[in-house]
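> Here is a sequence with its predicted model. Questions after.
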Amino acid sequence: MEFDSKKLERSLNEAFATNDLQLICRAIDTAVLQSSGPTDIAWAAGIDRVTFYRNFRHVGPRGPRLATMIKVLRALGLQLVVETQAEVSQRTLKGEPAKRGSANKRNRKAAAMARRFTSALRTGEVDSLSKVYTDMLRAQENIAEFASKTVVVRESLYRVFSRHPTPQFGTLVSVFNRIQLQFAVRSLPHKSLFQA
């Protein structure tokens, strides 16, 4: 079967647009099966096959670590990016006019934050990502209210990056959803090991 990277990108972005961790991980598992299989992707990602299965087939409440997600997506020839939910809606509903007024101001702030997160993800440095995350938290007017709408308790919000080298992917999905951001994927500039 020929590997269609554009179709893969579209199907994974549809899953990411739901902000449903289970659906995202199932879509990645399906993509891996359609590419070269779990053994080859796990090897290319530098993880063992058991880790792949545990993270993408038997998904826990917070899913894989961010680093694992990035490695698997790169093995598929994709990079993780951050977009605003408004950008995703615009792309999905093609031609819908942008909102005016204060919503537009919020969208500009969210777009600036999405660009900062995407830049930090491209560097691959946890310190860069942690700094953008901390800046985003400091910009919140009411951190207790913010925390109540995520899966992270208030006391843990600032420790998301300090507990482990990289946070759980599901934690970031929840936090991003609260600030109108979400993950998406884009094709890497160069082909992965498994693309023709």
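Noted; the coordinates are in hand.
> The nearest residue to V185 once chain neighbours are set aside pairs with what?
In this structure, V185 finds its nearest non-sequential neighbour in L78, 4.3 Å apart by C-beta to C-beta, 6 or more residues apart in numbering. Backbone N, C-alpha and C define where each C-beta goes, glycine included. For L78, the beta-bridge partners under DSSP bridges are S187.
> got the contact list for L78?
Counting by C-beta atoms under 8 Å, 6 or more residues apart in numbering, L78 makes contact with L8, E9, L12, V185, R186, S187, L188, S192.
> Identify, from those, the entry nearest to R65.
Of all the contacts of L78, R65 sits closest to V185, with 17.0 Å by C-beta to C-beta.
> my read: that closest one touches E9, true?
Yes - judged on C-beta atoms under 8 Å, V185 makes contact with E9 at a distance of 5.9 Å.
> of these two, who's got more company?
Neighbours were counted for V185 and for E9 using other C-beta atoms under 10 Å; V185 has more, 23 against 18.
> is it true that the more buried one lies in a strand?
Yes - per DSSP: H, G, I helix; E, B strand; the rest coil, V185 lies within a strand segment.
> Let me see the contact set for it.
E9, L12, N13, F16, L73, L78, Q79, L80, V81 are the contacts of V185 under C-beta under 8 Å, 6+ apart.
> Kindly list the longest helix within the chain.
Counting residues, the longest helix found in the chain (DSSP state H) is helix 102-123.
> which outside residues touch that one?
70, 79-87, 98-99, 128-129, 131-133, 135-136, 179-181.
> what about the strands in the protein?
Here the chain has its strands, by DSSP state E, at 78-84, 181-187.
> Burial check on the residue lying closest to A144 once chain neighbours are set aside, number of neighbours?
Take A144 and drop its neighbours on the chain: the residue closest to it by C-beta to C-beta, 6+ apart is R154, 5.3 Å away. Burial of R154 is recorded as 13 neighbouring residues (other C-beta under 10 Å).
> now do A15
Burial of A15 is recorded as 22 neighbouring residues (other C-beta under 10 Å).
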